[in-house]
Each structure stands twice: as C-alpha cells, then as structure tokens.
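In: The sequence and its predicted three-dimensional model are supplied below.
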Amino acid sequence: MASVQIALWVVVVLVVLALVFDFLNGFHDAANAIATVVSTGVLRPSQAVVIAAIFNFVAVFVFHLSVAATVGKGIADPNVVDVHVVFGALIGAICWNLITWYYGIPSSSSHALIGGIVGAVIAKAGTGSLESSGIAKTVLFIFLSPLLGFLLGSLMTVVVAWAFRHSTPARVDRWFRRAQLFSASAYSLGHGGNDAQKTIGIIWMLLIATGHASAQDADPPLWVIGCCYTAIAAGTMFGGWRIVKTMGQKITKLKPVGGFCAETGGSLTLFLATLLGIPVSTTHTITGAIVGVGATRRASAVRWGVAGDIVWAWIFTIPASAFVAAVAWWVSWRLF
C-alpha cells in the first residue's frame, strides 16, 4: 500500500511539474502570438494577452489530439519511459526556457521539450529506444516550419500589395488594423492547438509509464486536456515581455498590413502541422513569417544579424535541453 501511495505522490508531483512547463511555454511563447499586434500599435499589451489566452484555450475545441499522440507515444519507446525520464525531460525543457527568456531569445519551447525527452531517454537506454519516425518528422519541421512561414508570409504580402494597389496608405493601414485582430487571434489558436498538446503528450506518457493509463487508449484523460489548455492560457496571460521587442521590432519594422501577413502565414503553417500531428515551433514559424514579410519589401528591411542570432538559438535548443535532461535523469535515478 505504501509503494502505491509513493508512486501516486510521485505522479502528482510530475504532473504539477509538467503544468509548470506548460505555463512557462505560454509565458515564453506569448511573444510569438502578440508581438506583431502590439508592435504595430493595434492593441495594447494587456489587451493582446487576453485575446491570445482566450484563443489558446478555445483551441481545445478545434484541433484533434494528433500532436499529443506523437509526443506521448511517437518520440520514445513507452517501455523505456519511467518517472526519472519524465523528470529529466521536464527539467531540461524548463531550464532552457528560463535561460532563453532571461536573455530575451525567442527559442522553441516545443523543441526544448523534445530535446529533454531525447536526452533523458538516451541517458537511460541509448539511442535505440527512440522512435525514429517521430524524431524524423519533428526534426524535418525544424527546417520546414520557418520555411513555410517565410513562403506564406511572403505570398500574403504580395497578394495584399496587389489587391490594395489602388488604395491609399492611410486606408490600407486603417483596414488592416481591424484585420490584424483576426490574424492575431488565428495565430493564438494555432499556438494553443499545437503547444498545449505537447504537455498533454508528456503527461500521457507519464500516466502510461506508471500504469495510470493504457498505451491502447485513443485519447488521454479529459482532466489532462483541460489542465494543459488552462495552464498554457494562464502563462500567455502573463506574457514574456523580454521577447516581445525582439520578435516585434528587432527583426524588421512592421506595420499593420505586415503584421497581418506574418500572422496569417504563420497560422496557416501551424494549422497544417497540427492536423498532421507534428509538434512544431511557434517561434520558428512566426520568425520565418516575419522575415518573409520584411524580405518581400526589400532585403535590407530585415536585420539579418538578429535573425542569425535567433537561428543559433534554434540550433542549440535540442542538444542543450537534452544535455540538461540527461544530467537531471542521472541525479533523479541516483537519488531516488
């Protein structure tokens, strides 16, 4: 009886830790959803985070849990996962999120979590326990999501420029100030739909590993879904302001029309990835879209040095979080 109580206590602690990560995910990535609409002056920060948080939560009613299934069952062999692996994965992801938030670097919470899972699993059982198909499509979209964001952001800019070629700049600005409310909401919907499911996936992984759920279940428990969407929405409400300036103005100067094009291109990319069950980076996606909008105007409109610094953060995210996760797994395994 005591061992069951201890196991349940450990599960509860790890679920809470996962929800802390989910909160930090929303906190860290709020800039992705609101930076453009804030930097263009369409909404005040306090208004933007409320709208973003609402649509983060509304995503629970829109998207199927395909991404959660990929994270929960498609990254690592369920037979290898235990409480130490989950602990290591979450510590690796949380540490990387806090470091990059402190320095105002828009890195990927998603890939920090994937890196954490990979690092903890390798530390325990080696690379043979990783699911190659899930890892492959996740790594592929590290490159594809910013590229799709870039292409769709650029395409939207060209289409809008042609459609409004006879309109005055004042009229275009006035129209897209309204339109950006819809594009920012759509991006927040995509953000919640993809990112909340990653935490659902790791809690599902934990429940399967500890016998509180079955690998044969089609969906995780409803309480997991509700808690994860609530946590990411709450994190978004607080907003990672250190990153807003980088995303909204340091890469390129945005007007409402540019913000609309970037958000629309980014949201279309997120919708596609979520439908395919692929955990992607909302940071990579919106950064690619912003760069695409700026580059379509002229290449010099993009601060390529800032964009390059962001890319370096992307490159280091998975190995850095994997390393921290491996150390955290070892500490957990040795002490407990």
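Out: Happy to help now that I have it. Numbering: from 1, shown residues only.
In: Quick check: which helices or strands does whatever helix or strand residue 18 lives in pack against?
Out: If you go by DSSP states H and E, residue 18 is part of helix 2-39. Judged by 3 or more Cβ pairs under 8 Å, 6 or more residues apart in numbering; DSSP states H and E, the packing partners of helix 2-39 are helix 45-58, helix 83-102, helix 109-125, helix 169-209, helix 222-238, helix 241-245, helix 256-275, helix 282-297. To be clear about C-beta, it is placed using only N, CA and C from the backbone, and glycine gets the same treatment.
In: Could you tell me the angle between the fifth one and helix 2-39?
Out: What that stands for is helix 222-238. Per axes from the mean of the first three to the mean of the last three Cα atoms, to 10 degrees, the angle that helix 222-238 makes with helix 2-39 is 40 degrees.
In: and if you look at the fourth one?
Out: Between helix 169-209 and helix 2-39, the angle formed by their directions is 170 degrees, by the same axes, to 10 degrees.
In: and helix 169-209 with helix 282-297, angle?
Out: Using the same axes, to 10 degrees, helix 169-209 lies at 160 degrees relative to helix 282-297.
In: Check which helices and strands helix 169-209 is in contact with.
Out: Identification of packing neighbours for helix 169-209 by 3+ Cβ pairs under 8 Å, 6+ apart yields helix 2-39, helix 45-58, helix 66-73, helix 83-102, helix 109-125, helix 222-238, helix 256-275, helix 282-297.
In: if you average pLDDT over each of the helices and strands packed on helix 2-39, which comes out lowest?
Out: Mean pLDDT values for these show the minimum at helix 241-245, a mean of 52.
In: Pipe the helices and strands packed on helix 169-209 into JSON lines and attach mean neighbour count per row.
Out: Shown next, in JSON lines, are the helices and strands packed on helix 169-209 (neighbours: other Cβ atoms under 10 Å):
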{"stretch": "helix 2-39", "mean neighbour count": "22"}
{"stretch": "helix 45-58", "mean neighbour count": "20"}
{"stretch": "helix 66-73", "mean neighbour count": "24"}
{"stretch": "helix 83-102", "mean neighbour count": "24"}
{"stretch": "helix 109-125", "mean neighbour count": "27"}
{"stretch": "helix 222-238", "mean neighbour count": "21"}
{"stretch": "helix 256-275", "mean neighbour count": "27"}
{"stretch": "helix 282-297", "mean neighbour count": "28"}
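In: closest to residue 326 out of those helices?
Out: helix 109-125 (3.8 Å; Cβ to Cβ).
In: rewinding a little: tell me which of the helices and strands packed on helix 2-39 sits nearest to residue 152.
Out: Proximity to residue 152 (Cβ to Cβ) singles out helix 256-275 among these, at 3.3 Å.
In: got the angle between the closest one and helix 66-73?
Out: Angle of helix 256-275 versus helix 66-73, following the same axes, to 10 degrees, is 50 degrees.
In: helices or strands up against helix 256-275?
Out: Looks like helix 256-275 contacts helix 2-39, helix 66-73, helix 132-163, helix 169-209, helix 282-297 (3+ Cβ pairs under 8 Å, 6+ apart).
In: In contact with residue 91, which residues?
Out: Residues in contact with residue 91 (Cβ atoms under 8 Å, 6 or more residues apart in numbering) are 17, 116, 324-325, 328.
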